[in-house]
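**Q** Starting from these lines, generate the structure:
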Amino acid sequence: MPKLIEKAEKFVFDLFKDHLDQTFLYHNFTHTERVLRSLREIIDNTKVSKSDAEVLELAALFHDTGYTKTREGHEEESVKIATAYMKDNDVDDKTIEAVSKCIMATKFKDSPDTDLGKIIRDADSSHFGKKYFNEASEFLRKELEIQGIKNYSPREWLDENINVLSKKHEFYTDYALKNWQPRKEKNLSKLIKTKKKQKLKLKTEEIKAKYKAQYKDESPERGIQTFYRTALRNHIKLSDIADTKANILLSVNAIIISLVLSTLISKLDNPSNEYLIIPTVIFTLSSVISMVLSIIATRPNITSGQFTKEDVKQRKVNLTFFGNFHKMELHEFQWAIDELLKDKNYVYSSLTKDLYFLGKVLDRKYRILRVTYTIFMIGMIVSVISFAVSFKMHPTAKIEDVLPTDSPSGWVIPLEDNYFV
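**A** Presented below is the predicted three-dimensional model:
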């Protein structure tokens, strides 16, 4: 008979390898091996006759072979496969009948009514009382999902496991109750704790969402903060634009003055070039004025940088602007900030002052820049007109009187009759 068990184990292994669908992640030969191992554990610690032990081992090996044929009613198919195999190996009818009854005892919906049925049933569900319970459970969930039987969410599967372990399953043998029941209870305890954590997390998220929505809908704080953030960002961006415009004017006029000094000024000591004096003066003066105004527009204006404790207490100092505290000691500034943060209205008042004075600075910058661009534009126009008039009134004037003879041809295009464009 031991040889029969060995042959049966090889037969079942080959059967699963060749005919069991790969979507059976739980009901496969690994599960069969675990059931057989648990069964032998019970047999070794229970008074079971040698013949009954062989019946139980055969039942354990064949109890899930029906999955190679069908899922629903696989126990009946397992009985057919086991019966055919045992008849081919000259097993007596009494043993075949006993093995068939044990296989049918693995039906989870029915309670076993024989001692052998209770043993095989406990072995088949031994994973409930093992450390690998979570692994086996997850394989079963995935198997049901892949085969399209039912798609459990993690939360639903957690509820299902708690329901099975607490209400639907029980161990029947003394050995299982003594050795596997404590681990089963520990597994159930972990599941319950996980569910409590999930409930607490869900409740916390719901409360957060509720208060977030309430805060968003009812409290003006968010709108106020958005207003200050947007307004201050826009003012700083406009200030950067103004500085960029002023820098452009500075660079352009610096280049113009450099060209004037290197070309025109050196020509004015010749009496024959007196007609160039007025256009050159206009040209140079407009560039200088533009540069001066650009510098004025971007020139920083730093305040005293000091305040008193009385100023802070009376809410007179704006601590959001560095010009009001840059000369103060660190501990004095920290004290002032602490006082500021104690009063929400003081914070908003400081932001309002900062916004207001930023607006005043922008107004000054853009007014000066507008005048600067106007002077630059008018100066360029008047300079060009004055140069044209001067050349018109002195027809003998040559282009070399204005630019050096080795100047790049890209600057001017000489034409006949001493005219140029």
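**Q** which regions of the stretch 151-300 of the chain sit below the pLDDT cut-off?
**A** Screening the stretch 151-300 of the chain residue by residue with the criterion pLDDT under 70, one finds the ranges 211-220, 266, 268-270, 272-273.
**Q** Which parts of it are helices?
**A** 154-163, 174-179, 181-218, 221-259, 277-298 (DSSP state H, counting those that start in this stretch).
**Q** just these: most buried one?
**A** For the helices of the stretch 151-300 of the chain, the stretch with the most neighbours on average is helix 277-298, a mean of 19; neighbours defined as mean count of other Cβ atoms under 10 Å. The C-beta positions use only the backbone N, C-alpha and C, and glycine is treated the same way.
**Q** just the angle between that helix and helix 221-259, please?
**A** For helix 277-298 against helix 221-259, the angle between stretch directions is 150 degrees (axes from the mean of the first three to the mean of the last three Cα atoms, to 10 degrees).
**Q** And the next helix or strand past helix 277-298?
**A** Counting by DSSP states H and E, the element after helix 277-298 in chain order, helix or strand, is helix 309-313.
**Q** quick check: mean pLDDT across that next one?
**A** When pLDDT is averaged along helix 309-313, the result is 75.
**Q** Counting by contacts, list what that helix packs against.
**A** Applying 3 or more Cβ pairs under 8 Å, 6 or more residues apart in numbering; DSSP states H and E, we find helix 309-313 packed against helix 330-342.
**Q** Show the pLDDT at I96.
**A** As summarised for this prediction, I96 has a pLDDT of 94.
**Q** That one and L58: what is the separation?
**A** 9 Å (Cβ to Cβ, to the nearest Å).
**Q** shared neighbours, the two?
**A** Taking Cβ atoms under 8 Å, 6 or more residues apart in numbering as the contact criterion, the residues that touch both I96 and L58 are 82, 86.
**Q** Nearest to L25, out of the helices of the stretch 151-300 of the chain?
**A** helix 154-163 (14.0 Å; Cβ to Cβ).
**Q** residues in contact with that closest one?
**A** Surrounding helix 154-163, the residues in contact under the criterion Cβ under 8 Å, 6+ apart are 137, 141, 152, 188, 191-192, 194-195, 198.
**Q** Could you do stretch 226-244 as well?
**A** By Cβ under 8 Å, 6+ apart, the surrounding residues in contact with stretch 226-244 are 297-298, 348, 351, 354-355, 358-359, 361-362, 365-366, 369.
**Q** let's see it at 7 Å
**A** Where contact means Cβ atoms under 7 Å, 6 or more residues apart in numbering, the residues beyond stretch 226-244 that reach it are 297-298, 351, 354-355, 358-359, 361-362, 365-366, 369.
**Q** Output that stretch as CSV, nothing but the C-alphas.
**A** Only the C-alpha atoms of stretch 226-244 are listed here, as CSV (Å, rounded to 0.1, in the frame of the first residue of the first chain):
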residue,chain,number,x,y,z
THR,A,226,-5.3,83.5,-2.4
PHE,A,227,-6.0,87.3,-2.8
TYR,A,228,-2.8,88.3,-1.0
ARG,A,229,-0.7,85.6,-2.7
THR,A,230,-1.9,86.5,-6.2
ALA,A,231,-1.7,90.3,-5.7
LEU,A,232,1.8,90.2,-4.2
ARG,A,233,3.0,87.9,-6.9
ASN,A,234,1.6,90.1,-9.7
HIS,A,235,3.1,93.2,-8.1
ILE,A,236,6.6,91.6,-7.9
LYS,A,237,6.3,90.4,-11.5
LEU,A,238,5.4,93.9,-12.7
SER,A,239,8.4,95.3,-10.7
ASP,A,240,10.7,92.8,-12.5
ILE,A,241,9.2,93.8,-15.8
ALA,A,242,9.9,97.5,-15.0
ASP,A,243,13.5,96.8,-14.0
THR,A,244,14.0,94.8,-17.2
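**Q** please renumber so the chain begins at 75
**A** Will do, 75 is the new start, and the previous item becomes stretch 300-318.
**Q** With distance to W409 as new columns, can the helices of the stretch 225-374 of the chain be given to me in JSON lines?
**A** Formatted as JSON lines, the entries for the helices of the stretch 225-374 of the chain read as follows, by distance: least, Cβ to Cβ, whole Å:
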{"stretch": "helix 228-237", "distance to W409": "52"}
{"stretch": "helix 248-253", "distance to W409": "69"}
{"stretch": "helix 255-292", "distance to W409": "31"}
{"stretch": "helix 295-333", "distance to W409": "24"}
{"stretch": "helix 351-372", "distance to W409": "34"}
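**Q** Please identify which of those is closest to I117.
**A** If you check each of the helices of the stretch 225-374 of the chain against I117 by Cβ to Cβ, helix 248-253 wins as the nearest, at 9.2 Å.
**Q** what comes into contact with that closest one?
**A** Looking at helix 248-253 with Cβ under 7 Å, 6+ apart, the contacting residues turn out to be 116, 119-120, 196, 203, 245.
**Q** roughly how far is it from the heart of the chain?
**A** In terms of Cα atoms, centre = their mean, to the nearest Å, the centre of helix 248-253 is found 49 Å from the chain centre.
**Q** swap in stretch 363-373?
**A** For stretch 363-373, the distance between its averaged C-alpha position and the chain's averaged C-alpha position is 47 Å (Cα atoms, centre = their mean).
**Q** which strands and helices sit next to the longest helix seen in the chain?
**A** Secondary structure of the chain read by DSSP state H shows that its longest helix is helix 418-467. Identification of packing neighbours for helix 418-467 by 3 or more Cβ pairs under 7 Å, 6 or more residues apart in numbering; DSSP states H and E yields helix 295-333, helix 351-372, helix 404-416.
**Q** okay, these in a markdown table with distance to T97 next?
**A** Written out in a markdown table, the entries for the helices and strands packed on helix 418-467 read as follows (distance: least, Cβ to Cβ, whole Å):
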| stretch | distance to T97 |
| --- | --- |
| helix 295-333 | 51 |
| helix 351-372 | 74 |
| helix 404-416 | 62 |
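**Q** right, and the ones you listed - which one's nearest S152?
**A** Taking Cβ to Cβ as the criterion, helix 295-333 is the member of the helices and strands packed on helix 418-467 that comes nearest to S152, at 65.2 Å.
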